Structures are given as structure tokens and as C-alpha cells.
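3D model of this:
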Amino acid sequence: MKNDQTIALVLRRALLFVLLLACPLLATSSQTLPSQIQVARRFLVAIVRGEWATAYQCLAPETRQGLSVEQFRAAAQPFVAQSQHYGPVIDLYKLGYRLRGAETPQPFVAFSFRADTLRRLPHFQLDVTFRDSTARQVQGFGLIPLQPVTNQ
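Below is the predicted model:
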């Protein structure tokens, strides 16, 4: 009987020890950073909605340093114009890394307007780039016209 109580006490202490070790891990997991896809989506949705301050704050400090709010708004106008044509809803189109010779690979996330995805190839790619795979602030953005591939 005393042996059973000793085993139960050891098991309770072991469980308590495991829970104490797991608490910091649980706290860390609840504070995870948004993914690059989530950051890119928030950035583009803010632009399409005309939430300029929110979108501008998504930019990396070095990008903001070289781009005034007025320049940013002017650069974002093509997004706004196309969203008025295709609607404000965007969908993930593709993501990956751009390899440019000896330069460091550049991560990108691309979206398209949902209303434009019925075609085999959408008219536009809403492109967002990041400094590296760990960055969570937008380094660059652009609206890339996509040309349909024709068979010759």
C-alpha cells in the first residue's frame, strides 16, 4: 500500500515537472508572428480599402525611409484602380523565392483578384516582396501584368 502511494506521489511530481516545462512553450506558441502570407494579405487589403496609414506601417523601415507617404500612395494607385474593376477580394496566387544570379534569393508572395481568377492566367499579379525568409515587413510591392501564353 505504501508502495502505491510512493508511486502515485512520484507520478504527480513528474506530471507537475512536465507541465512546468511546457508552460513557456505554450506561452511562446500563442505569441507567434504572422506568416509572410498573412502580412502580405493585410498589406494589400489595407491598400485596396484605402487604409493608407495601416498599409504604410507594414513597410520595412528602410523602405519607408526611401518612400514618403505621398509617394507610397502614388505607387499604390494601380492596385486601387484594378480593385475598382475586379473588386476588393484577393486570393493567394503563388509564393516562393526569386533567384537572380549571385544575389540572395528574395522571398515573394503574390495574390490575384478573385474575380480575375476564372481565367487560366489572371490579368494581374499583386506582388509583395520581403528582405529574407524571416522578415515580417514588406520590402517592396508591385502590380505585375501577366501575359497569356500563346501557342505558335
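
now the strands: where do they sit in the chain?
With strands called from DSSP state E, the chain shows them at 90-98, 106-113, 124-130, 138-145.

Just give me the neighbour total for Gly140.
By the measure other C-beta atoms under 10 Å, the count of residues near Gly140 is 16. No exception for glycine: its C-beta is placed from N, CA and C like everyone else's.

Just give the closest residue to it, not the sequence neighbours.
Thr129 (4.4 Å; C-beta to C-beta, 6 or more residues apart in numbering).

Specify the beta-bridge partners of that neighbour.
Beta bridges link Thr129 to Phe108, Gly140, judged by DSSP bridges.

doesn't Gln106 make contact with it?
Yes: in this structure, Thr129 is within contact of Gln106 by C-beta atoms under 8 Å, at 5.6 Å.

returning to what we had before: for the strands of the chain, could you give me a markdown table that also reports distance to Gln82 and mean pLDDT?
Formatted as a markdown table, the strands of the chain follow (distance: least, C-beta to C-beta, whole Å; pLDDT from 0 to 100):
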| stretch | distance to Gln82 | mean pLDDT |
| --- | --- | --- |
| strand 90-98 | 10 | 93 |
| strand 106-113 | 7 | 94 |
| strand 124-130 | 6 | 95 |
| strand 138-145 | 6 | 95 |
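
that older thread, can you list residues touching both of Thr129 and Gln106?
98, 139 (C-beta atoms under 8 Å, 6 or more residues apart in numbering).

Compare neighbour counts for the two and give me the winner.
Set side by side, Thr129 and Gln106 show more neighbours around Thr129, with 20 against 17, by other C-beta under 10 Å.

what's the distance between the nearest residue to Ala76 once chain neighbours are set aside and Phe72?
Spatial nearest neighbour of Ala76, excluding adjacent residues (C-beta to C-beta, 6+ apart): Ile47 at 4.8 Å. The spacing between Ile47 and Phe72, counted by C-beta to C-beta, to the nearest Å, is 9 Å.

and if you look at Arg98?
Taking C-beta to C-beta as the measure, Arg98 and Phe72 are separated by 22 Å.
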